[in-house]
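Participant: here is a sequence with its predicted model. Questions after.
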Amino acid sequence: QKEVEQDPGPLSVPEGAIVSLNCTYSNSAFQYFMWYRQYSRKGPELLMYTYSSGNKEDGRFTAQVDKSSKYISLFIRDSQPSDSATYLCAATPFSRGSQGNLIFGKGTKLSVKP
Amino acid sequence: GAVVSQHPSWVICKSGTSVKIECRSLDFQATTMFWYRQFPKQSLMLMATSNEGSKATYEQGVEKDKFLINHASLTLSTLTVTSAHPEDSSFYICSAPVNTGELFFGEGSRLTVL
């Protein structure tokens, strides 16, 4: 079993829809959780960062971590065609200063249709 | 945000030749840089940690004699794929942490070995 599991999709939604992206993980030591967005043929860019369980909101994006079920979610409200990208979840047991130890999911390819 | 630049963005080479990929932090200094490999529809996998002025640290299963890493300055790390073979064809991405610990990724280098 991989340490971070993510359904690769693809996921296609109409513009304006609420998107739910999910990951599960197996390592109880993971404390820090990130969501990255990766456009085609580009490097990933950090979207959201959360520590331990709870919710974090930033504009149209909400990240949610449930450590009891080892479940990570990213919600995108009022999705836009510009949100079309691959979204990668990542986790690490270490502090933010050691993000090189990130374990990535495979990424979910999202397409938002106008 | 900080900028990490990779060059070349894509390269095609013949089997048996060596290819060098550069990773530069443009507006900050990075004593540490990370190199990843991403096969199609697969996770980003950490290959090695590049340390300025000292030897790189390789992840288990990554051949250090095949993937030569040099971090000669605080803004430049290079990855040389020696005697490349078709199975080395992949998307290679570097990243570097800023002083807050947040990672910034390069745009990636797509290697195709014929």
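Facilitator: Thanks, I have it.
Participant: tell me the secondary structure at the nearest residue to A:P10 once chain neighbours are set aside.
Facilitator: Distance criterion Cβ to Cβ, 6 or more residues apart in numbering or on different chains; nearest residue to A:P10, sequence neighbours excluded, is A:K109 at 4.3 Å. C-betas here are computed from N, CA, C, even on glycine. Using DSSP: H, G, I helix; E, B strand; the rest coil, the structure places A:K109 in strand.
Participant: next: B:Q6.
Facilitator: strand.
Participant: show me what it is bridged to.
Facilitator: B:C23 (DSSP bridges).
Participant: surely it meets B:K20?
Facilitator: No. In this structure B:Q6 lies outside contact range of B:K20 using Cβ atoms under 8 Å: 11.5 Å.
Participant: which of the two has more residues huddled nearby?
Facilitator: Between B:Q6 and B:K20, B:Q6 has the larger neighbour count (other Cβ atoms under 10 Å in any protein chain shown), namely 20 against 15.
Participant: just give me the neighbour total for the residue nearest to A:P10.
Facilitator: 18.
Participant: within range of chain A, give me the residues from chain B.
Facilitator: Applying Cβ under 8 Å from any Cβ of the partner chain, we find that chain B lies next to chain A at B:4, B:6, B:9, B:32, B:34, B:41-46, B:49, B:93, B:95, B:97, B:100-108, B:110.
Participant: sorry, back to before: beta partners for the residue nearest to A:P10?
Facilitator: With DSSP bridges as the rule, A:K109 is bridged to A:T86.
Participant: you'd agree it is up against A:L11?
Facilitator: Yes. Using Cβ under 8 Å, A:K109 is in contact with A:L11, at 6.9 Å.
Participant: mind listing what the residue nearest to A:P10 touches?
Facilitator: Listed by Cβ atoms under 8 Å, 6 or more residues apart in numbering or on different chains, the contact partners of A:K109 are A:P8, A:G9, A:P10, A:L11, A:A85, A:T86.
Participant: if we go to 6 Å?
Facilitator: A:K109 is in contact with A:G9, A:P10, A:T86, counting by Cβ atoms under 6 Å, 6 or more residues apart in numbering or on different chains.
Participant: just the buried subset of the residues you listed, written out for ChimeraX, thanks.
Facilitator: To isolate the buried subset of the contacts of A:K109 in ChimeraX, counting by 16 or more other Cβ atoms under 10 Å in any protein chain shown, use the following:
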select /A:9,86
